[in-house]
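A.B. asks: Based on what follows, work out the 3D shape:
(chains A and B)
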Amino acid sequence: MDITVNILLTIATAATPLLIAAIGELVVERSGVLNLGVEGMMIMGAVAGFGAGYLTGSPWIGLLAAIAMGAVFSLLFAVMTLSLATNQVATGLSLTLLGLGLSGMMGTGFVGQPGEKLPNLYIPVLTEIPVVGKLLFGQDPIFYISIALTAAVMWFLFKTRTGLTLRSIGDSHTSAHALGIKVIRYRYLAVMFGGACAGLAGGHLSLVYTPQWVENMSAGRGWIALALVVFASWRPWRVLAGAYIFGAVWIGQLHAQAFGIPVPSQLLSSLPYLATIVVLVLISRNKRLTMMNTPASLGQPFVPDR
Amino acid sequence: MKRLLIALMTTAAAMSLAASAQAADKLKACWVYTGPIGDFGYSYQHDQGRLDVEKALGDKVETAYLENVSEGPDADRAFERLAREGCKIIFGTSFGFMDPEVKVAKKFPKVMFEHATGYKTGDNLGIYNARFYEGRYILGQIAAKESKAGVAGYIVSFPIPEVVMGINSFMLGAQSINPNFKAKIVWVNSWFDPGKEADAAKALFDQGADIIVQHTDSTAALQVAEERKLKGFGQSSDMIKFAPKAQLTSIVDDWGPYYISRVQAALDGTWKPDNVWLGIKDGAVKMSAYTNMPDDVKAMAQATEKKIVEGWNPFTGPVAKQDGTPWLKDGEVADDGALLGMNFYVKGVDDKLPQ
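C.D. replies: Residues are numbered from 1 along each chain as shown, chains lettered A, B, ... in the order given. Okay, here's the model as predicted:
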């Protein structure tokens, strides 16, 4: 029983940063903007989170710094693509490259220093309940934030008027503009929300997952988050499912290896990606549904006519 | 595309001309790393060696490096760029740079090349390596003494001879103490992914291992051991700060003395392609302080270390291969060629070697 609980806990830790970053990017893409800079914003969040936590001794301040850094860094992307209408794909890619380089430079002094770790939740009695106690009441705080965030985004996008407006901008920015909606302002906020989420995901890496700073520590997780958004056909609950499927296969293959299952390890290592592709193919078989969910003006620059 | 490439190459060439004209009086020594210098592991240690060169040879040299160079075709360009930029001696520090370096070395016969952990040489390409396996034998002995379950978790990167050699040496060391010792092996197919390394460590602990060994570069696995109040070994750097209660010892790479001697040789004009394999006795492989273990285990580790310094090789027979067929006869010592091309497990390893 213990091992099952431990495996589930490990899966949750592996899935949480993917989920948070993907949920943020989902909101960005629902507003019609494609930001490929998730990896860069994530790593900037990781270095800021570690740095602030290390310098102040408080991982909570680190967490806030990670969120703030993600949001501020995404502003760069917003100014370029929204105000100056640059190509979103190119700008997003350069944001990633810039983030990876800049974070390495900022983090030089933090290399080889043990950091602060966010403590796991502990509620007397509740956390001590066998099996479910640790799963429900004993995880790291960001895990709870990630679940709440998913629910909140789901509610916001599909149950509120502002959410509806945001989605309409993503589908047709010209129509939305004609209706008098402030397209650019909405998109600025969406991009910054996405940045804050990516920053938080980065903070999870350097404050919970592996409390340390090393260059490139995001190791491609931003790209996986981006893929998850498409995989989930822009639906929040599917992002949640996707992140956990990915996490489960990822952890599962490590356990399979430790257990000594005679399958080539290279194949096992590629399983999470294969599984994602297979599910993606299955989901996108229904063309109409996919079309309906895809933000129609995704990635197109918008210059309001005056 | 082609035109763009040509344009880029001519600009690069023009820029390198300018650079080499400026630095004509200094020798330019360059390094290529596969990881970031901030990994606090393998690439970090190589970069410490580069800094040692700067410190020791002062204004006679100028150094440069490229980090995060992926092993494969991308490496060709990295070496070529450095050669064009006026580097006189170039160190490629990862196994996967072998073929790119061989190729680029042929193109630039006047540049001195050195490649770490490989086995191909050339007229202007020397190789150097460190006998990490010596340290791994000691880790095996300590693990067998310290593990209550008799099972170690072993996190590994890629199935190259260097890594296989390490696993075998570790197992031989462990078996010398406890013949029934087991190691659970997990391949993460990456040199550097802290998250994945941590996950692998958790998986191994969950499956009953109580000591962790790694042949990957980050401190993540050791931090998991610290959190679970179990033990483990550091890698490349002394990682005691990350796991003050968990780290038993760490195999520390010290490339400084070697780099200084080679760059000095290049300055003197006495450089020749070399083939060296440095071990504990040369100071290239160091064991960090033996901590978190009882005195008798510490004494045993020190005794083995001394034995190795005096010339004993962990790969001394009798050793059988995994399937039970004999490999080394009683008292027979494996030659370096056999070690450098090692592609099989010794008896007692509980894993199938990925091909």
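
A.B. asks: Give the buried residues for stretch B:207-220.
C.D. replies: For stretch B:207-220, the neighbour count (16 or more other C-beta atoms under 10 Å in any protein chain shown) marks B:207, B:209-220 as buried. Every residue, glycine included, has its C-beta placed from N, CA and C.

A.B. asks: Switch those over to CSV; also include distance to A:Asn286 and pLDDT.
C.D. replies: Shown next, in CSV, are the buried residues of stretch B:207-220 (distance: C-beta to C-beta, whole Å; pLDDT from 0 to 100):
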residue, distance to A:Asn286, pLDDT
B:Gln207, 40, 90
B:Ala209, 45, 92
B:Asp210, 49, 92
B:Ile211, 50, 95
B:Ile212, 46, 95
B:Val213, 48, 95
B:Gln214, 45, 93
B:His215, 46, 92
B:Thr216, 42, 88
B:Asp217, 44, 81
B:Ser218, 42, 83
B:Thr219, 46, 88
B:Ala220, 41, 90
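
A.B. asks: packing partners for the biggest helix by length in chain A?
C.D. replies: Ranked by residue count under DSSP state H, the longest helix found in chain A is helix A:2-30. Applying 3 or more C-beta pairs under 8 Å, 6 or more residues apart in numbering or on different chains; DSSP states H and E, one finds that helix A:2-30 contacts helix A:38-56, helix A:132-137, helix A:141-159, helix A:161-171, helix A:183-204, helix A:221-231, helix A:236-259, helix B:194-206.

A.B. asks: does any bit of stretch A:249-256 sit next to chain B?
C.D. replies: Yes - Stretch A:249-256 lies within reach of chain B by C-beta under 8 Å from any C-beta of the partner chain, at A:250-251, A:254-255.

A.B. asks: In CSV, could you pull the C-alpha coordinates for that stretch?
C.D. replies: Extracted in CSV, the C-alpha atoms of stretch A:249-256 (Å, rounded to 0.1, in the frame of the first residue of the first chain):
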residue,chain,number,x,y,z
VAL,A,249,3.7,7.0,-17.8
TRP,A,250,6.9,8.9,-16.9
ILE,A,251,7.1,7.6,-13.4
GLY,A,252,5.7,4.2,-14.5
GLN,A,253,8.6,3.6,-16.8
LEU,A,254,11.1,4.3,-14.1
HIS,A,255,9.4,1.8,-11.8
ALA,A,256,9.3,-0.7,-14.6
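
A.B. asks: quick one: B:Val276 is in a helix?
C.D. replies: No - looking at B:Val276 with DSSP: H, G, I helix; E, B strand; the rest coil, it is strand, so not inside a helix.

A.B. asks: residue ranges with poor pLDDT in the chain?
C.D. replies: Defaulting to chain A. Within chain A, the stretches with pLDDT under 70 are A:1, A:276, A:280, A:283-284, A:306.

A.B. asks: meant chain B, my bad for not saying
C.D. replies: B:1-24, B:355.

A.B. asks: For it, which segments are assigned as helices?
C.D. replies: For chain B, helices defined by DSSP H occupy the ranges B:2-22, B:42-57, B:73-84, B:98-107, B:132-146, B:161-177, B:194-206, B:220-227, B:256-268, B:295-309, B:336-340.

A.B. asks: got TSV for the helices and strands packed on helix A:2-30, with mean neighbour count too?
C.D. replies: Below are the helices and strands packed on helix A:2-30 laid out as TSV (neighbours: other C-beta atoms under 10 Å in any protein chain shown):
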stretch	mean neighbour count
helix A:38-56	29
helix A:132-137	16
helix A:141-159	17
helix A:161-171	18
helix A:183-204	27
helix A:221-231	24
helix A:236-259	22
helix B:194-206	27
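
A.B. asks: Dump those to a markdown table, plus distance to B:Ala225.
C.D. replies: Formatted as a markdown table, these follow (distance: least, C-beta to C-beta, whole Å):
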| stretch | distance to B:Ala225 |
| --- | --- |
| helix A:38-56 | 20 |
| helix A:132-137 | 20 |
| helix A:141-159 | 22 |
| helix A:161-171 | 45 |
| helix A:183-204 | 21 |
| helix A:221-231 | 23 |
| helix A:236-259 | 15 |
| helix B:194-206 | 7 |
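
A.B. asks: And these: which comes nearest A:Gln113?
C.D. replies: For the helices and strands packed on helix A:2-30, proximity to A:Gln113 was assessed by C-beta to C-beta; helix A:38-56 is nearest, at 6.1 Å.

A.B. asks: show me the contacts for the residue nearest the centre of chain B.
C.D. replies: Residue closest to the mean C-alpha point of chain B, counted by C-alpha atoms, centre = their mean, is B:Tyr42 at 6.3 Å. B:Tyr42 is in contact with B:34-35, B:93-94, B:191, B:217, B:235-236, B:253, counting by C-beta atoms under 8 Å, 6 or more residues apart in numbering or on different chains.

A.B. asks: If we use 10 Å, what do you get?
C.D. replies: Counting by C-beta atoms under 10 Å, 6 or more residues apart in numbering or on different chains, B:Tyr42 touches B:33-35, B:93-94, B:116-117, B:157, B:191-192, B:215-218, B:235-237, B:253.

A.B. asks: rewinding a little: list, out of the buried residues of stretch B:207-220, those positioned next to chain A.
C.D. replies: B:207, B:209, B:217-220 (C-beta under 10 Å from any C-beta of the partner chain).

A.B. asks: Now compare those residues and name the two farthest from each other.
C.D. replies: Most distant of those, by C-beta to C-beta, are B:Gln207 and B:Asp217, 23.1 Å apart.

A.B. asks: still on that earlier bit, can you flag which of the contacts of B:Tyr42 belong to strands?
C.D. replies: Among these, the ones falling in strands (DSSP state E) are B:116, B:215, B:235-236, B:253.

A.B. asks: For chain A, state which of those residues is nearest.
C.D. replies: Distance to chain A, by C-beta to the nearest C-beta, is smallest for B:Ser236 among the ones in strands among the contacts of B:Tyr42, at 11.4 Å.

A.B. asks: Contacts only, for that closest one.
C.D. replies: B:35, B:39-46, B:132, B:214-219, B:250-253.

A.B. asks: Would you quantify the distance from it to A:Ala256?
C.D. replies: Here B:Ser236 is placed at a distance of 28 Å from A:Ala256 (C-beta to C-beta, to the nearest Å).

A.B. asks: Equivalent analysis for A:Gly199, please.
C.D. replies: For A:Gly199, the distance to A:Ala256 - C-beta to C-beta - is 33 Å.

A.B. asks: likewise A:Thr165?
C.D. replies: For A:Thr165, the distance to A:Ala256 - C-beta to C-beta - is 47 Å.

A.B. asks: now do A:Gly57
C.D. replies: 40 Å.

A.B. asks: Report the closest residue of the stretch 1-150 of chain B relative to chain A.
C.D. replies: Closest point on the stretch 1-150 of chain B to chain A, by C-beta to the nearest C-beta, is B:Pro36, at 3.3 Å.

A.B. asks: Can you get me a residue count around that residue?
C.D. replies: 23 (other C-beta atoms under 10 Å in any protein chain shown).

A.B. asks: show me what contacts the residue lying closest to it once chain neighbours are set aside?
C.D. replies: Distances taken as C-beta to C-beta, 6 or more residues apart in numbering or on different chains put A:Glu215 closest to B:Pro36, at 3.3 Å, once the chain neighbours are dropped. In this structure, A:Glu215 makes contact with A:43, A:46-47, A:100-101, A:103-105, A:107-108, A:111, B:35-40, B:43-44, B:67-68, B:192, judged by C-beta under 10 Å, 6+ apart.

A.B. asks: between the helices of chain B, which one is nearest to A:Val281?
C.D. replies: With C-beta to C-beta as the criterion, A:Val281 lies closest to helix B:194-206 of these, at 25.5 Å.

A.B. asks: quick one: the closest one to helix A:2-30, angle?
C.D. replies: 160 degrees (axes from the mean of the first three to the mean of the last three C-alpha atoms, to 10 degrees).
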